[in-house]
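1. Predicted model, plus sequence, below.
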Amino acid sequence: MALSLKSYEFRRERERAWSDLEALVATVEKGGISALAAADLSRLPGLYRGALSSLSVARAVSLDRALIEYLESLTGRAYFVVYGTKRHTREALREFFARRLPRAVRGLRWALALSLALLLAGGVTAYVITRAEPERFYTFVGSDYAQDRGPAASTEHLRAGLYDGDELTAEELSVFATQLLSHNAGIGILCFALGFVVGIPVFILIFQNGLVLGAFAALYQQRGLGWDFWGWVLPHGVTELGAIVLCGAAGLTLARALIFPGRHTRVANLARTGRDAGVVVLGAVLMFFVAGMIEGIFRQRVTSIIARYTLVGLSVVGWGWYFGFVGRRGDANASAEAVGTGGRP
Amino acid sequence: MTSDVRRRFLRRQDRATHREVVTPEGIPLSFVIAGAGDRIVAFLLDMLIITGVVLGFVLLATAAGDDRTGHSWTGAVAILTLFILRNFYFTIFELRWQGRTPGKRSRRLRVIDARGGMLRADAVIVRNLVRDLEVFLPAQVLANPRALWPGAPGWATLLALLWMLVFALMPLWNRDRQRIGDLIAGTLVVEAPSARLLEDLSSAQPTTLSPSPPAGATPAAATPAAAVAAALATPTYSFTREQLSVYGIYELQVLEDVLRKEGPDAEQAVEVVCEKIRKKIGWTGGAVRPRRFLHEFYAAQRARLEHQLLFGKRKQSKED
């Protein structure tokens, strides 16, 4: 009986290419993809596919388990290198802001509407109730959050609260702004993450935010300070409430993916919608950042009501244009592309 | 009996800890799901790094704050750094290091796409955004149960605690060890494989315990390659077709394990197995040198089984 097996010949012919690939992969594992020379980089995909095809042939014809295990581990490592994330940061950022984010937001249209409706419902509820019965204010706003603003405070005191802040130094303002950012963005991220709990906490969080806003609006309206109040809230409020609504919408789509999985399994559906929702939340975190800057610095420094309302207008138009129109061209192409590169087996 | 052998065979082929992923080229690769212990250690390591950086910043901020009035820009920078570290440390590393953080790298773990596609940036972002809910929130609540929901009754706090425990321990309750972030992002954490290419036993010259070469078989070979060639050219033992149709693939691979075994009791195992095989196949050729015999039997058996494989017959085990 001849001892030279076909599977042994098969292995001997290809061994060199495998060890080449192994060397390239080891280089990348140590120093990142940029450690490869240009020539090696262009050889990588070919060697990877060669090893994959060797693996599938070996599975069919060879009974040398050590060989198959080696090929599996080699192709596995090469697979990480070829299919790990690899794009340049700058390119990825441009893609994210110019297309990915606004598209993901447009994709959430209905969840956004629902989320906004919840916020408004909360606001209107608290407003109506507080107008009828001012003492109800404390039902909606916790006493440590209200501080000394409330039905008991004098109109003068309330008015002063809307226009003070001049005595703070620039350093203190920056601390204040970053504190606001990390607090608000924390709530936003939580709002998204809670979507996994079939959305009920999201409902509560958004609705509660509306309640607080509504109660304050009623309080100031009663004292004839309505116009000043909205000029105080809205410059950062447009951005901040927008971010809250976005996080809420992201949480709600997660909940929807879980409750009504449709054609897919729940887990697959969660993975599909989860990524888009995560992109939206990341966008919302950036909005919280902008809002924190406006609230912490602009609002404390600028007391002119005209300037304040100008900023309100600008931010409404700005966010509306960004989420409504940026990256709209090629929306259809993009969805086709997503299907093509989704890597679905 | 048959099913028992099969089950054992399958268990070694794809155990519960393996997960098959189909690459975009359409070829299934199997990865080992990262164990809970490794992941915990990796996570703790990363947390250690985060804590270290934060502590460094706090020290820096207090040192810089001393010579001024107390408040300073460093305060803002420290808050911002804390925020970014808490929410984006993992994201940034996993994006830049192809699914690894310093902790994961030290435990040889990787994040991959569960469906086998490219690990996309949004998946990395999502799996780490949810970490807030899974880790930091429960940790906060454990440290101070009142903070989450001030003035809550005791039973509600307990309930919330239980609920969050369910979240934190989620990876222990599903086969793929996915935490909620992994579920939402569609990712897996696997062990980065590492394997050397071992010599092919069908060609390797048995080097250990072959004090005297069989008469005229192996001339003093200058190189290992020449030794292999010599061994291929001159088999000492020959087997009949009947003797080679006793065993199947499963037994062949067990034999491979025995031959690759190293250590003090390796030779004893070889002798025992050799004796068993000789009895089973009805060997009539008299006394043999165990290791040499097994090597040649392995080569002949593999040749036979691979030959059958090419004709579409896969003999899985001796019961097949």
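-> Sure thing, it's come through. Numbering: from 1, shown residues only, chains lettered A, B, ... in the order given.
2. On the C-terminal side of the helix or strand containing residue B:128, identify the next helix or strand.
-> Following DSSP states H and E, one finds residue B:128 within helix B:121-129. Using DSSP H and E, the next helix or strand after helix B:121-129 towards the C-terminus is helix B:131.
3. So which other helices or strands are in contact with the helix or strand just after that following helix?
-> The helix or strand immediately downstream of helix B:131 is helix B:137-143, counting by DSSP H and E. Packing partners of helix B:137-143 (3 or more Cβ pairs under 8 Å, 6 or more residues apart in numbering or on different chains; DSSP states H and E): helix B:145-148, helix B:154-168. (Glycine included, C-beta is placed from N, CA and C.)
4. still on that earlier bit, pLDDT of the helix holding residue B:128, averaged?
-> For helix B:121-129, the mean per-residue pLDDT is 84.
5. Can it be said to contact chain A?
-> Yes - with Cβ under 8 Å from any Cβ of the partner chain as the criterion, chain A is reached by helix B:121-129 at B:121-126, B:129.
6. which among the residues you listed gets closest to chain A?
-> residue B:126 (3.0 Å; Cβ to the nearest Cβ).
7. Stretch B:238-256: end-to-end distance?
-> Start-to-end span of stretch B:238-256 (Cα to Cα, to the nearest Å) is 19 Å.
8. For that stretch, give the mean pLDDT please.
-> Stretch B:238-256 comes out at a mean pLDDT of 85.
9. what's that stretch in contact with?
-> With contacts defined as Cβ atoms under 8 Å, 6 or more residues apart in numbering or on different chains, stretch B:238-256 is touched by A:1, A:63-66, B:5, B:8-9, B:201, B:273, B:277, B:280-283, B:294, B:297-298, B:300-302, B:304-305, B:314-320.
10. Could you do stretch A:183-203 as well?
-> A:118, A:205-206, A:240, A:243-244, A:246-248, A:250-256, A:258-259, A:270, A:277-278, A:280-281, A:284-285, A:288-289, A:291-292, B:83, B:87, B:129-130, B:132-134, B:137, B:180, B:184.
11. In PyMOL, how would I select just the buried ones from those?
-> The following PyMOL line selects those of the contacts of stretch A:183-203 that are buried, judged by 16 or more other Cβ atoms under 10 Å in any protein chain shown:
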select buried, (chain A and resi 118+205+206+240+243+244+246+247+248+250+251+252+253+254+255+256+258+270+277+278+280+281+284+285+288+289+291+292) or (chain B and resi 83+87+129+130+132+133+134+137+180+184)
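12. Look at residue B:74 and report its pLDDT.
-> 66.
13. hmm, back to that, filter the contacts of stretch B:238-256 to the buried ones?
-> Of the contacts of stretch B:238-256, these count as buried by 16+ other Cβ under 10 Å: A:63-66, B:5, B:9, B:201, B:273, B:277, B:281, B:283, B:294, B:297-298, B:300-302, B:304-305, B:315, B:317.
14. Residue A:181 contacts residue A:289, doesn't it?
-> Yes - at 5.3 Å, residue A:181 and residue A:289 qualify as touching, with contact defined as Cβ atoms under 8 Å.
15. Which element, helix or strand, includes residue B:283?
-> Counting by DSSP H and E, residue B:283 is part of no helix or strand.
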